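Asks: This is a predicted model, with the sequence first.
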Amino acid sequence: MDQQVRYMKLEQLVLWTENPRDPIDKNASNQDVVDKALADKELRWALPKLAKEMGTRYDFSELLTVVFHGKIPVVYDGNRRVILGFIKHALVTVPAGITFPSISFPLEIPCNVCKKAVALENVLRKHGESGSWHPLERDIFLHKQMGQKKSALLIIEEATGLISSNPSLNRGFVKDEILTEENLKKMGFSIGGQELKTSHTDEDARALLTDVRHVVETKKVTTRKQRGQLLQELSPASQKLIKKESSVYRPLHIQMDTKTQGLSRLSARTGKSRCEIFGGKLSLKQGLTNDLYRDIVDLYKFFEANKSHLSSTFPGLIRMSLRLIAELATEECGQEKMDNYLTSNYDAAKASLSQDQRTSLSNHNVDKSSIVKLLQTGAHKYQSSTNLEQTLALSLIVGAILSISLGKGNS
């Protein structure tokens, strides 16, 4: 049968890590997903609101959608309800002070158990077609889960991070009328081979996209005002950049910034980092690892002080240095393989981090199963290495591992 109703034990259910609402590393645990949902910086989960709407009892008329991955029952639809059940029955841990209205939540729940194809169709119908997802989430779902080609909006996001870092752009109007292939072409950008290309320098491309964001956020172009007049509403500086474009196009990989209060239209500088490198000052034993640690901190301070004059590739140096210090610490601790050094210390290191720091790991898909791969790909792949936010998240756990294995207080 394509689908059937079965009762499933709450404790057996596994949250869907590829949930379009807020995807996370595929190897993340239920606890990792819950941590991310509770942080909810983009207000995508709204768990308190859901708990209030559910009232005092669980509604059996709304079935969860579950797909078995081998022997593992994965919740494709209803993850928020399951999280509330996990919290109710203490199947996950939550920070002190977080409470929800009391719900009579069963330990066994009726579920629509079905094939993956059926589940995906149901999820798309309930969320993708109803407008409960933003355009970017819908496009990611259609590409990753339904096999459709990447949309222009998704290609722009993968090349620049523009949409996720500026939620005001994650709207149907922007996708359909602003960041269209036609408008991009007029500004010196193109979509080719499923990637974003440009005739501009990184700095000029960043300035143009920042100005497009400004036009949208200040409502100079809306569905009712100056509709279809994007180029005419760009600043004189942007108009000048467009006119000087060359005929040579190249792939574009930059990291756009979040909106900063008081930012000038074309400044496009990286905002203040969300966390310190390594999460703060480390106290390590004297040795080569400690020397390199101090060099990396100085390198990061140099970047922070001079980033307006540095290229977008500079953060790659910081990313690669994390791999180097992990290798050096492995040797200094008398271990042969970096993989074993990192994974054997990971759990204790993560436990030493604050809730905010653990959430940062989760938000950037850093976990025990991905840390080695992230350090390796960051050392060799351009686009990964220039992702500064993920680099800082990686530095949190690397710093904690260094403190546990080479801290001054350790024997």
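Replies: Ah, there it is. Residues are numbered from 1 along each chain as shown.
Asks: Can you give me the domain assignment for this protein?
Replies: 3-115, 152-251, 277-406 (automatic domain parsing).
Asks: Ok, which of those domains comes nearest F141?
Replies: Evaluated with C-beta to C-beta, those place domain 3-115 nearest to F141, the distance being 4.3 Å. C-betas here are computed from N, CA, C, even on glycine.
Asks: Helices of the stretch 151-300 of the chain, start to end?
Replies: 152-160, 162-165, 172-173, 181-186, 202-217, 230-233, 236-243, 288-306 (DSSP state H, counting those that start in this stretch).
Asks: quick one, what contacts V92?
Replies: By C-beta atoms under 8 Å, 6 or more residues apart in numbering, the residues touching V92 are 30-31, 34, 83, 86.
Asks: pLDDT value on it, please?
Replies: Looking at V92, its pLDDT reads 91.
Asks: Adjust the sequence numbering to begin at 312 for everything that follows.
Replies: Got it, first residue is 312 now, which makes that one V403.
Asks: which residues are contacting stretch 351-366?
Replies: The contact list for stretch 351-366, computed with C-beta under 8 Å, 6+ apart, reads 332-333, 348-349, 391-392, 394-395, 411-412, 414, 478, 674.
Asks: Using neighbour counts, trim those to the buried set.
Replies: 332-333, 348-349, 391-392, 394-395, 411, 414, 674 (16 or more other C-beta atoms under 10 Å).
Asks: How about the contacts made by V559?
Replies: With C-beta under 8 Å, 6+ apart, V559 has these contacts: S510.
Asks: Figure out the helix or strand that V316 lives in.
Replies: According to DSSP states H and E, V316 maps onto strand 314-320.
Asks: Taking strand 314-320 as reference, get the angle to the helix or strand encompassing V385.
Replies: Using DSSP H and E, the element containing V385 is strand 383-388. Angle between the axes of strand 383-388 and strand 314-320 is 110 degrees (criterion: axes from the mean of the first three to the mean of the last three C-alpha atoms, to 10 degrees).
Asks: Quick check: next helix or strand after strand 383-388?
Replies: Assignment by DSSP H and E places the next element after strand 383-388 at helix 390-399.
Asks: Just the CA atoms of that next one, as CSV, please.
Replies: Output of helix 390-399 as CSV, limited to C-alpha atoms (Å, rounded to 0.1, in the frame of the first residue of the first chain):
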residue,chain,number,x,y,z
ASN,A,390,7.8,17.8,13.1
ARG,A,391,6.7,20.8,15.2
ARG,A,392,4.0,18.7,16.9
VAL,A,393,6.5,15.9,17.6
ILE,A,394,9.0,18.4,19.1
LEU,A,395,6.3,19.5,21.6
GLY,A,396,5.7,15.9,22.4
PHE,A,397,9.4,15.3,22.9
ILE,A,398,9.5,18.3,25.3
LYS,A,399,6.4,17.2,27.1
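Asks: Mind checking what helix or strand follows that helix in sequence?
Replies: strand 419-425.
Asks: Can you give the contact residues for that following strand?
Replies: Contacts to strand 419-425, defined as C-beta under 8 Å, 6+ apart, come from residues 313-321, 324, 369, 371, 374-379, 384, 396, 433.
Asks: Can you flag the buried ones in the residues you listed?
Replies: Among these, those buried by neighbour count (16+ other C-beta under 10 Å) are 314, 319, 321, 324, 369, 374-378, 384, 396, 433.
Asks: I'd say Y657 and I682 touch.
Replies: Yes - at 6.6 Å, Y657 counts as touching I682 under the criterion of C-beta atoms under 8 Å.
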